[in-house]
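> Kindly generate the corresponding structure for this input.
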Amino acid sequence: DFLVCQSGNTLRFGQYKPREPIEWTSSGNRMCAAGEVCQETLLLMDAGHKLLLLGSKGCASPGTKDSRAISIHSGPPGVLVASYFHVCSSNGCNRADSSSVLANNLPPPAAPDPEGLRCPACVNFFGTCSDPKVITCPMGTTHCYKGYIKFRGGGFSSTADVQGCMAQHSKSLLNNTRNIGAFSVTEYFDEEPLPQDGVAPACYLAWMVGLGLSLAFWCGGFC
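Modelled structure (predicted):
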């Protein structure tokens, strides 16, 4: 059988609040190959100042079972990275129309500690953070994070610079996660050189989604 699925990519980047619903629509429909099913993936990254939200709707590989999952890859009191991944097997079933499917399930934010750590905070999907805002970190954070997330798949190919507060004993935002829906993501850290051949040293692969500024891209197609 050939399913028809909603299709398209979404990028939001800027000063959104992670728990505020943001419209998430497709740019059209597409017929999948034999055996493929529908998928929708949403990834949110919040460093405490700006938000990145990536969305993808389209077809998923044959054999992928119907499921719906929300994952908190890294949460308060540090940088928040969370994702929503839905796979279904009926025509147009990937029909979530706002980020509320993820936003309503996020952990509560941590309050800043006036006497606490201060860190640069930034998520830049288009390059390096040149002048990040310094924020007061919440209680429970012990150090600052600076790293890069390379996005591939789901209609995206870019490397984001991420800076923010981190909790004790935590270095990675992705914690060895290797798959998050339509996005393949590599995490590497500031002390490591940016890879030239697409392979990052001490890398972590994952799937991801984020929110942000008054900028949005809508493009057709995915896999």
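
> Low-confidence stretches in this protein?
191-223 (pLDDT under 70).

> Going along the chain, name the strands of it.
Secondary structure of the chain (DSSP state E): strands at 4-14, 28-31, 37-46, 51-60, 67-74, 80-88, 118-124, 133-136, 141-153, 156-167, 184-189, 204-206, 216-219.

> could the ones you listed go into TSV alongside mean neighbour count and distance to residue 173?
C-beta: built from backbone N, CA, C; applies to glycine. Below are these laid out as TSV (neighbours: other C-beta atoms under 10 Å; distance: least, C-beta to C-beta, whole Å):
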stretch	mean neighbour count	distance to residue 173
strand 4-14	22	17
strand 28-31	15	32
strand 37-46	28	8
strand 51-60	28	12
strand 67-74	16	4
strand 80-88	24	5
strand 118-124	22	11
strand 133-136	16	17
strand 141-153	20	7
strand 156-167	22	7
strand 184-189	22	6
strand 204-206	21	8
strand 216-219	14	23
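
> Make a markdown table out of the ones you listed and add distance to residue 104.
Shown next, in a markdown table, are the strands of the chain (distance: least, C-beta to C-beta, whole Å):
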| stretch | distance to residue 104 |
| --- | --- |
| strand 4-14 | 17 |
| strand 28-31 | 26 |
| strand 37-46 | 12 |
| strand 51-60 | 14 |
| strand 67-74 | 9 |
| strand 80-88 | 10 |
| strand 118-124 | 21 |
| strand 133-136 | 25 |
| strand 141-153 | 24 |
| strand 156-167 | 23 |
| strand 184-189 | 24 |
| strand 204-206 | 22 |
| strand 216-219 | 21 |
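
> nearest to residue 96, of these?
Between residue 96 and the strands of the chain, the tightest spacing by C-beta to C-beta is seen for strand 37-46, at 5.6 Å.

> how about residue 55, what does it touch?
9, 10, 11, 24, 40, 41, 42, 43, 99, 209 (C-beta atoms under 8 Å, 6 or more residues apart in numbering).

> now residue 138
76, 77, 109, 110, 111, 112, 113, 116, 165.

> Check the gap between the closest residue to the third one other than its chain neighbours and residue 120 for me.
Going back to what we said before, that points to residue 109. Leaving aside its sequence neighbours, residue 109 sits nearest to residue 76 (C-beta to C-beta, 6 or more residues apart in numbering; 5.8 Å). Using C-beta to C-beta, to the nearest Å, residue 76 is found at 18 Å from residue 120.

> Not including adjacent chain positions, what is the nearest residue to residue 34?
residue 2 (6.2 Å).

> do the same with residue 46
residue 80 is the one closest to residue 46 (C-beta to C-beta, 6+ apart), at 4.2 Å.

> From what I see, the one you found and residue 71 are in contact.
No. Counting by C-beta atoms under 8 Å, residue 80 stays clear of residue 71, with 11.8 Å between them.

> Name whatever forms a beta bridge with residue 158.
residue 151 (DSSP bridges).

> Please renumber the chain so that the first residue is 12 from this point on.
Will do, 12 is the new start, and the previous item becomes residue 169.
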